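[1] Dropping a prediction and its sequence here:
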Amino acid sequence: NQKVSLTELAEMIRTDFATMTTCQKIRTNKSLTSEEVKNIKQNELRGVELHSVCNGNRSNSNVVSLTGYFVIDYDEPNVQYDVLKQDIINDTIINPCLVFFSPQRKLKVVVKIKELEGLTGTPQELKSKFEFYYKQLLTCLSERYAVKADTSCCDVVRLTYLSYDADVYVNDGAYTNVVF
């Protein structure tokens, strides 16, 4: 378990050769099943826990604090992800701190909510608080963009697999301006 800044994560996303090679394999082999892609990500890509801090193993019962970060995945088919990426980067309400293409060249957006940064409580309180804010964020994003985000990411201990994106966007000090 190693702590790194978003700037350091962005540098890994931008330059890691092994990650680039794995992502190229996923992006170019259109015959891979979703299960095969999942296995490749789990076995070959670095996973980071951005939502929470756990005491011990990564599980809901071990969550001791929230980071304030929320990862939103977009993976709908037939979306112009290059355009969506630029739109979200330029959105002063969403105000993302990290935006990059996923291993399948879909989109990952990371936003930070100041009020939840370092928040402590019982694991159940933290899980409930996280889920409430996550759903509010998804509602706001769906109102702003005609693309549905993946709701399975509403998991306080979910790993985010790093990807390759030479044009990753990072603004390490950004907080979202969404009103909750």
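    In hand now; what should we look at?
[2] Contacts only, for F17.
    Counting by CB atoms under 8 Å, 6 or more residues apart in numbering, F17 makes contact with nothing. C-betas here are computed from N, CA, C, even on glycine.
[3] ok, now how distant is it from Y133?
    36 Å (CB to CB, to the nearest Å).
[4] what's the answer for M12, then?
    26 Å.
[5] Between these two, which is the more surrounded one?
    Y133 (21 against 16; other CB atoms under 10 Å).
[6] Give me the buried positions along stretch 87-102.
    The neighbour-count check on stretch 87-102 (16 or more other CB atoms under 10 Å) flags I88, D91, I94, N95, P96, C97, L98, V99, F100, F101, S102 as buried.
[7] Looks like the last one contacts V71 (just checking).
    Okay, so that is S102. No. Contact criterion CB atoms under 8 Å: S102 and V71 do not qualify, at 10.3 Å.
[8] what's the overlap in contacts for those two?
    Joint contacts of S102 and V71 (CB under 8 Å, 6+ apart) are K108.
[9] residue farthest from the centroid of this structure?
    Note on the chain: the largest C-alpha distance from the chain mean falls to S31, namely 25.3 Å (CA atoms, centre = their mean).
[10] Centroid-nearest residue for this structure?
    V71 (2.9 Å).
[11] can I assume that one sits in a strand?
    Yes. Secondary structure of V71 (DSSP: H, G, I helix; E, B strand; the rest coil): part of a strand.
[12] my guess is it contacts V110, does it?
    Yes. V71 is in contact with V110 according to CB under 8 Å; the separation is 5.4 Å.
[13] Run through the residues that contact the closest residue in space to C54 that isn't next to it in sequence.
    Spatially, and ignoring its direct neighbours in sequence, C54 is nearest to N62 (4.1 Å; CB to CB, 6 or more residues apart in numbering). By CB under 8 Å, 6+ apart, the contact list for N62 reads C54, N55, G56, P123, V157.
[14] can you check D165 too?
    Shown in contact with D165 (CB under 8 Å, 6+ apart): I13, R14, F100, F101.
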